[in-house]
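1. just need the structure, nothing else, for what follows:
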Amino acid sequence: MIDGVTMPQYLLGIDNGGTVSKAGLFTTDGKEVGVASRKVKALEPKPGWSERDMRGIWRATAQAVREVLSKSGADPASIACVAPTGHGNGVYLVDKAGRPVRNAMYSTDKRAQAYVDKWLADGVDAKVLPKTTQCLWAAQPNALLAWIRDNEPDVMKRAAHVLMCKDYIRFRLTGEIAAELTDMSGTSLMNVVTGHYDDEVLTLFGIADMKRLLPPLVKTADICGAVTARAAKETGLKEGTPVAGGLFDIDACALASGIVDERRMSLVAGTWGCNTYVSPEPLIDKDLFMTSCYSMPGHYLMLEGSPTSASNLEWFVKELMAPARARRDGGSTYGLCNELVASTKPDDGVPAFLPFLYGSNANPRAKACFIGLEGWHTRAHVLRAVYEGIAFAHYAHVRRLLKFRKPPETIMFTGGAARSKVWVQMFADCFQMPMEIPAGTELGALGAAIAAAVAVGIYPGYKEAVAAMTRAARRHDPDQALKDIYAAKYERYQKVLQALDEVW
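-> Reported below is the predicted structural model:
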C-alpha cells in the first residue's frame, strides 16, 4: 500500500514450449495485461535428434519477461508470484553448479528408440505399467538417460541433476534445484500412484545408477524460492518475488481451460497434440498413452498425445510457402493458409496426409506423407489435407480416450491452431462435438498464473482460482450435415495407416 492506495496484484506465468519462450502478465481475475515471446532455435545435429541450447532458452525467457514488464508498464513490485510451465519429457542435464552439461534433448527426439524396442521385447513395459501408468517412447528421460550413459559417458560423469524444461527455468529464477510432480509423473521415472520415485522402476529400466540425478519433488503450488538478484537483473523482476513450483504444460492448458472435473476435455493443438481429461481415479491401461498427476491434489490427468499436431503445419509453411510469406496486404502467412483452406470444401477429393514429421501415433517408424496427390490439386487442397490429417490424428487419440469414459459436454480447444476459426470448425465437424476456445492468447502462461495465485493464497484452491480466472471466448458447434463426409475421410485415413504398416 502506498499513501493509502492498494497496489494492484499481478501474476506472471512463463511458458516454454517447442519453439517459443513466452511470458504473460495477468490480473488476479485472469485478465491478460500483456504477453511477450521469443523464438528458440531448434537444433537437429543428426536426423532424428532434437535439441535446444539451454542457455538460449533462458535468455529468450528473460527477454520475454523483460518485454512484458516494459510493454505493460507494470511495477515489478506489484507481481505477487511467478510460476513456470513448459513442455514435458526430454532431458535437461546440469552439473552441481546448475550449469548445462550438454544441449537439452527435446520431447521429439528419437535417438533412444532402440532402448524402448528392447524394453518392449523383454516385457519391461508390462512390469512397470502398474507404477508408471504410461506407455514407453523414445523421448522420455528413462530412455534418453540410458542413451547418454552409453554414448556420452563424460557428459554423464559431469551431470548432477536431471530437470524438466520449466524446472530449469525455475532454477534460473531462484537458484534452487527441484523437480515438480506433474512434470516428473509423466517421465516413467517414478510411481505415479504413490507420487514418489521408485527404485524398482529404475532397476527394471536398467538405470538404477541414475537415481543420484533425481531432484527432490515439489508440488505445483509450493513456493520453491524467490527471484535472485542475478535473475532480477536479467529479467527486470523484483528480487525476492516468490516463485511457485509450476506445472507440466498440459496441466497448465487444462487449468486455463477450466478443467476441474470430467464434464470437459482439453485439446491442445501445438507442437504436440495433447488430448486430456481429469479424474480422481488413475486410469492404468496398456492402450492409454499416459496417466500423470494433476495439479489438483488427489486428481490425475489422462492423456492421449503425440507430436502429430500443428508443428506439421509450421514445417509446411516454413519449407513450402516461402514465396507467400511476404504478403502485399501485410497479412500473416497463417492467415493466408486459413483463407486457402476456407476456399475448398469438405467433400473435395483432397489427398490423405499423415502428420508424422516429428513422430507418429501409429507405427513408431511411420513417416509423414501425402497419399493421393493428383495434377489438379492446388496448394489450397494440399493445405486442407494438412489441416485434416492433423485433425484426424487428434481424433484417433480422443476416440481412444472415449473407450474409458463418456463423451464430454464440450472440448476446450487451445494451442496455436485455436487461432484458426476454419480449423477449429473442422475439428468440431470431424469429432461431431462442440469446441470452445478459452479467452486469452497465451493459455499455458494463464495456467501457470492460476498456479501462482493458489501458491500465494489469493485463492484457497484450484477450483476457486479457475472459476475466477477463466472464461470461454467462442464456441464452435458441429455441422451435422458433414458427419458422414468426415467419417468417410477418417476411415480412409485409417486404411492408409494400415496399408502402410508393413512399409515402415
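2. quick check: Trp272 touching Glu304?
-> No - using C-beta atoms under 8 Å, Trp272 is not in contact with Glu304; the gap is 10.9 Å. Placement of C-beta: from N, CA and C, glycine included.
3. who has more neighbours, those two?
-> Using other C-beta atoms under 10 Å, the more surrounded residue of Trp272 and Glu304 is Trp272, with 27 against 24.
4. so what's the more buried one up against?
-> Remark: with contacts taken as C-beta atoms under 8 Å, 6 or more residues apart in numbering, Trp272 is in contact with Gly18, His87, Ser107, Gly305, Ser306, Pro307, Thr308, Ser309, Ser311.
5. so which of the residues you listed are in helices?
-> Assignment to helices by DSSP state H places the following of the contacts of Trp272 there: Ser311.
6. now the two most distant members of the contacts of Trp272.
-> His87 and Thr308 (15.0 Å; C-beta to C-beta).
7. tell me which of the two has more neighbours.
-> Neighbours were counted for His87 and for Thr308 using other C-beta under 10 Å; Thr308 has more, 28 against 25.
8. contacting residues around that one?
-> Contacts here follow C-beta under 8 Å, 6+ apart; on that basis Thr308 touches Trp272, Gly273, Pro355, Phe356, Tyr358, Gly359, Ser360, Asn361, Ile390, Ala393, His394.
9. who wins on neighbours among those?
-> Comparing the contacts of Thr308 by number of neighbours (other C-beta under 10 Å), Pro355 comes first, having 31 neighbours.
10. wait, that one touches Gly389, no?
-> Yes - if you go by C-beta under 8 Å, Pro355 and Gly389 touch, sitting 4.6 Å apart.
11. what residues are shared contacts of these two?
-> With C-beta under 8 Å, 6+ apart as the test, Pro355 and Gly389 both reach Asn312.
12. for stretch 19-37, C-alpha coordinates in PDB please.
-> Output of stretch 19-37 as PDB, limited to C-alpha atoms (Å, rounded to 0.1, in the frame of the first residue of the first chain):
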ATOM      1  CA  THR A  19       9.900 -23.300 -30.300                       C
ATOM      2  CA  VAL A  20       8.900 -20.200 -28.300                       C
ATOM      3  CA  SER A  21       9.500 -18.800 -24.800                       C
ATOM      4  CA  LYS A  22       6.500 -16.800 -23.600                       C
ATOM      5  CA  ALA A  23       5.700 -14.600 -20.600                       C
ATOM      6  CA  GLY A  24       2.200 -13.500 -19.700                       C
ATOM      7  CA  LEU A  25       1.100 -11.000 -17.100                       C
ATOM      8  CA  PHE A  26      -2.400 -11.400 -15.600                       C
ATOM      9  CA  THR A  27      -4.600  -9.700 -13.100                       C
ATOM     10  CA  THR A  28      -5.800 -11.800 -10.200                       C
ATOM     11  CA  ASP A  29      -9.100 -12.300 -12.100                       C
ATOM     12  CA  GLY A  30      -7.300 -13.700 -15.100                       C
ATOM     13  CA  LYS A  31      -7.400 -10.700 -17.400                       C
ATOM     14  CA  GLU A  32      -4.400 -10.600 -19.700                       C
ATOM     15  CA  VAL A  33      -2.300  -7.500 -19.100                       C
ATOM     16  CA  GLY A  34       0.400  -8.200 -21.600                       C
ATOM     17  CA  VAL A  35       2.300 -11.100 -23.300                       C
ATOM     18  CA  ALA A  36       5.700 -11.300 -25.000                       C
ATOM     19  CA  SER A  37       7.600 -14.100 -26.700                       C
END
